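sequence and predicted structure, then a few things I'm wondering about:
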Amino acid sequence: MPERLPDLTVDATRVAALALGEDGVLDLTTAVTVRKPVPGQAVLEARTPIVVAGLLYAETTARAAGCSVTWVTGEGGAAEPGPIGQVRGDLAAILRAERAMLNILQRACGIATATRAYVRAIAGTRCQVLHTRKTAPGLRLLDVAAVVAGGGVIHRLDLAHTVMVKDNHWRALERDGRSVAEALVAARARGAIACQVEVETEEQVIEASRAGADRLMVDNQTPGMVARWSELARGLQPTIAIEATGGINLGNARAYAEAGADFISVGALTHSVIAADISLELA
């Protein structure tokens, strides 16, 4: 699995073109309200406390529309209600870029803010917060970058980054008369760096641990069961990592961390984003 994000410049350019392109080539309202070139500036303002994220994507979108942005708070910084950036450019360009920029910032800051809440909930434990692949289509890197800005850790960016045997893969192996151990041997032969296995029963915990899985994903179990299975797995393979997944929320995250999970993965960070309350106001 990658430990750091790739260069996001190309992806930010792609997302900017997509975001602006969705609004078409003509801003009819601006065309009839701004009748000549006029220099303008606007303030990007947070209305609630947030963790700032998505700055490269928002700035790239602004530049693509012909504007520039100066940020008050850096990526991953905590911002109280108030200005987080200033946009300058032709007034018509600012109006054209407004919604595209806000869509990006509101989503990214919402993800980062939620992630930071989970990081704080498990502070003082060895556990780390992971994203999942439950991201918006076309916005995978933006979403993951926002999780990282909030203090989370990269899980896998795509299907080629690691082997992850989940419930349907178990069923596929059973239909083929093969074991998880055979699948992991095949994975190592293909150069897989890390092999993870989702487990839903004690029998699967034993089989996957003996097969040499690097990490067990304990799915939809109580913290008590996570503690029990962690002890069982580490008795068979001392270096194995434990990831708790499924049904994890801010109310129970710490219980899973204290039960022995090295990681908690939270799909809600990206699939149920609460957009940050950010506005753009002309100065």
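Noted; the coordinates are in hand.

can you give me the offset of the host helix or strand of Gly224 from its chain's centre?
Assigned by DSSP states H and E, Gly224 belongs to helix 223-236. Between the mean C-alpha point of helix 223-236 and the mean C-alpha point of its chain there is a distance of 27 Å (Cα atoms, centre = their mean, to the nearest Å).

in the chain, which spans are strands?
With strands called from DSSP state E, the chain shows them at 39-46, 50-51, 67-71, 78-79, 82-90, 128-130, 163-165, 195-199, 215-219, 241-245, 263-265, 278-282.

so the helix holding Gly224 versus strand 195-199, what angle?
Using axes from the mean of the first three to the mean of the last three Cα atoms, to 10 degrees, the inter-axis angle of helix 223-236 relative to strand 195-199 is 140 degrees.

just the CA trace of helix 223-236, in PDB.
C-alpha atoms of helix 223-236 as PDB (Å, rounded to 0.1, in the frame of the first residue of the first chain):
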ATOM      1  CA  PRO A 223     -15.100  -4.500  20.500                       C
ATOM      2  CA  GLY A 224     -15.100  -7.500  22.800                       C
ATOM      3  CA  MET A 225     -14.900  -9.800  19.800                       C
ATOM      4  CA  VAL A 226     -12.200  -7.700  18.200                       C
ATOM      5  CA  ALA A 227     -10.200  -8.100  21.400                       C
ATOM      6  CA  ARG A 228     -10.700 -11.900  21.400                       C
ATOM      7  CA  TRP A 229      -9.900 -12.400  17.800                       C
ATOM      8  CA  SER A 230      -6.800 -10.100  18.100                       C
ATOM      9  CA  GLU A 231      -5.400 -12.200  20.800                       C
ATOM     10  CA  LEU A 232      -6.100 -15.400  18.800                       C
ATOM     11  CA  ALA A 233      -4.600 -14.000  15.600                       C
ATOM     12  CA  ARG A 234      -1.500 -12.700  17.300                       C
ATOM     13  CA  GLY A 235      -1.000 -16.000  19.100                       C
ATOM     14  CA  LEU A 236      -0.700 -17.600  15.700                       C
END
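
would you mark the buried spots in it?
223, 226-230, 233-234 (16 or more other Cβ atoms under 10 Å). Bear in mind the C-beta positions are built from the backbone N, C-alpha and C, glycine included.

I'd guessed Thr60 sits against Arg14; true?
No - contact status for Thr60 versus Arg14: not in contact, 9.3 Å apart, counting by Cβ atoms under 8 Å.

which one's more surrounded, those two?
Just comparing Thr60 and Arg14: by other Cβ atoms under 10 Å the higher neighbour count belongs to Thr60, 23 against 14.

what is the burial count for the closest residue to the more buried one other than its chain neighbours?
Taking Cβ to Cβ, 6 or more residues apart in numbering as the measure, Thr60 lies nearest to Ala12, with 4.1 Å between them; neighbours along the chain are not counted. The burial metric for Ala12, expressed as a neighbour count using other Cβ under 10 Å, is 24.

repeat that for the one 10 residues further on.
Per other Cβ under 10 Å, the neighbour tally for Glu22 reads 10.

tell me the contacts of it?
Residues touching Glu22, when contacts are defined by Cβ atoms under 8 Å, 6 or more residues apart in numbering, comprise Ala100.

ok so, going back, which of the buried residues of helix 223-236 lies closest to Ala181?
Nearest to Ala181, judged by Cβ to Cβ, of those is Ala233 at 14.8 Å.

hang on, that closest one packs against Ile240?
Yes - the pair Ala233 and Ile240 qualifies as a contact (Cβ under 8 Å) at a distance of 5.1 Å.

tally of neighbours for Ala31?
10.

which residue packs closest to it, ignoring adjacent ones?
Ala92 (7.9 Å).

so who does that neighbour touch?
Contact analysis of Ala92 by Cβ under 8 Å, 6+ apart lists 27, 30-31, 34, 37-38.

from Val266, how far off is Arg35?
According to Cβ to Cβ, to the nearest Å, Arg35 stands 49 Å off from Val266.

ok so, going back, and the helix holding Gly224, what does it pack onto?
Contact partners of helix 223-236 among helices and strands, from 3 or more Cβ pairs under 8 Å, 6 or more residues apart in numbering; DSSP states H and E: helix 202-211, strand 215-219, strand 241-245, helix 253-258.
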